[in-house]
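Enquirer: Turn this into a model:
(2 chains)
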2 protein chains.
Amino acid sequence: MLDYTHVDGLSAADIARLRAVYEPLTQSVRELIDATIRTEVDADAVAAAKAEIDSATARLRAVQCEGSFGVQTGADGQSMPWGNAVIGVRNPSAPPLVIHKDGDGGARSDFYLGAAFEGPPGHVHGGVSAKILDHILGDAASKPGAHRLTGTITVRYRRLTPLGRLHSEARVTHTDGFKTYAVGHIADATGITVEAEAVFIEPRWARG
Amino acid sequence: MLDYTHVDGLSAADIARLRAVYEPLTQSVRELIDATIRTEVDADAVAAAKAEIDSATARLRAVQCEGSFGVQTGADGQSMPWGNAVIGVRNPSAPPLVIHKDGDGGARSDFYLGAAFEGPPGHVHGGVSAKILDHILGDAASKPGAHRLTGTITVRYRRLTPLGRLHSEARVTHTDGFKTYAVGHIADATGITVEAEAVFIEPRWARG
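Expert: I've put the predicted structure just below:
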């Protein structure tokens, strides 16, 4: 069974305060990731930047949690998947996706992928598209309090996806006992570039 | 057609020198990403760290390439996919994977996934597994100078993959004209956790 930690006493106001402290830090690190890939400054400038980065890391590591962030839950049941590799507001390597759900098994997101997500020159890494589709289809297939894990996903590449502003959406097609089926795609301004279908499983330990 | 830039005059020694300048910077940013996710320091310490990070970013942005890194090629034909989201030695959000190929259509890698790659608490995001499998199967299916792009990939999750030390490998099963078929998996110390099969396509513009 997974450890969805309940954080005693964290009210909605506490969570908002924590987010206000840590989210701007995360956004700064996202900018740094982009600059690290694209920089052409000389060795002396790199050394000066590296010294500042190592100093910042030491400050942050002065007090830190064991292992990974996990998925914490506040007193009112608010989920805080802040370390998540796709949506985590505290994970600098997440784009992050902000996913909007409708009440009908649908999920959608508009997002931007820059230099950190490259595979073929100027284009999104095919694996990054698969990662995003896994998440958004899974989100469409999940309901609050009901954990679903990917069983199988198939991703079809119609054409290369350019880096830049993109859109993704997914919807549930049907359910069969503890299995939920979903489809979705990624699109650029001119249409669909990658599509996916998947089955999600409600784990045995989570079935009521 | 994709822009695999030929960098005039970059010898093997030049490439080694550039790597020695930029790879330690990238590794420092990887440490910072981990610390950013896991830190529990207070708002004042976060502000001090953020100021150093923003200063480092400004230093690095003083001279930078347009857009993304791309895939550059040195004078002797050495490929430099240094911005790549999975293997890029200059991409802090890449683990990065170091992939060893045998002469027989096989590829393998031992790697470590920490807090930045989390989905379910303590475990690898399913989409991250898909991303890695897309890359390693594609690497098995490719030969030097022959670009292959993912057509379709299917990923099956046998069980959750724990964060930590992992292994992945892939091999070509057969080819059919411009299509190459490959299979592979990710494993932890006790066995296979995720498996994949995919077909890769040699793009029309790259066929000889």
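Enquirer: Between the two ends of stretch A:97-116, how far is it?
Expert: Using CA to CA, to the nearest Å, the end-to-end distance of stretch A:97-116 comes out at 14 Å.
Enquirer: So is it next to chain B?
Expert: Yes. Stretch A:97-116 lies within reach of chain B by CB under 8 Å from any CB of the partner chain, at A:114-116. C-beta: built from backbone N, CA, C; applies to glycine.
Enquirer: among those, which are in helices?
Expert: Nothing among the residues of stretch A:97-116 next to chain B maps onto helices, per DSSP state H.
Enquirer: and A:T152, that's in a strand?
Expert: Yes. Counting by DSSP: H, G, I helix; E, B strand; the rest coil, A:T152 is part of a strand.
Enquirer: Tell me the spacing between it and B:V41.
Expert: Plainly put, A:T152 is 41 Å away from B:V41 if you go by CB to CB, to the nearest Å.
Enquirer: The two: who's more crowded?
Expert: For the pair A:T152 and B:V41, the greater number of neighbours falls to B:V41 (19 against 15), based on other CB atoms under 10 Å in any protein chain shown.
Enquirer: Work out for me the element that one sits within.
Expert: B:V41 is part of no helix or strand when elements are defined by DSSP states H and E.
Enquirer: what's the pLDDT at it?
Expert: pLDDT for B:V41: 97.
Enquirer: That one contacts A:R59, correct?
Expert: Yes. Counting by CB atoms under 8 Å, B:V41 touches A:R59, with 6.6 Å between them.
Enquirer: Please identify every residue contacting each of these two.
Expert: Counting by CB atoms under 8 Å, 6 or more residues apart in numbering or on different chains, the shared contacts of B:V41 and A:R59 are B:A49.
Enquirer: domain parsing for chain A?
Expert: Following automatic domain parsing, one gets these domains for chain A: A:1-83, A:97-206.
Enquirer: okay, the ones you listed, which one's buried deepest?
Expert: Highest mean neighbour count of the domains of chain A: domain A:97-206, a mean of 20 (counted as mean count of other CB atoms under 10 Å in any protein chain shown).
Enquirer: and the end-to-end length of that one?
Expert: Taking CA to CA as the measure, domain A:97-206 stretches 26 Å from start to finish.
Enquirer: thinking again about what came up before, show me the one of the domains of chain A that comes nearest B:R17.
Expert: Of all the domains of chain A, domain A:1-83 sits nearest to B:R17, with 8.8 Å by CB to CB.
Enquirer: residues touching A:I136, list them.
Expert: A:97, A:99, A:107-109, A:168-170, A:184.
Enquirer: Just checking: what are the partner strands of the longest strand seen in chain A?
Expert: Criterion DSSP state E: the longest strand present in chain A is strand A:164-176. Here strand A:164-176 is paired, per DSSP bridges, with strand A:106-113 (antiparallel), strand A:179-188 (antiparallel).
Enquirer: Please pull up the helix or strand immediately following the shortest one.
Expert: Looking back up the chat, that one is strand A:106-113. As assigned by DSSP H and E, the chain's next helix or strand after strand A:106-113 is helix A:126-141.
Enquirer: Point me to the residue sitting farthest from the middle of chain A.
Expert: Within chain A, the residue lying farthest from the chain centre (CA atoms, centre = their mean) is A:D44, at 34.7 Å.
Enquirer: Model confidence at that residue, what's the number?
Expert: The model reports A:D44 with a pLDDT of 98.
Enquirer: and it, that's in a helix?
Expert: Yes. Assessed by three-state DSSP, A:D44 belongs to a helix.
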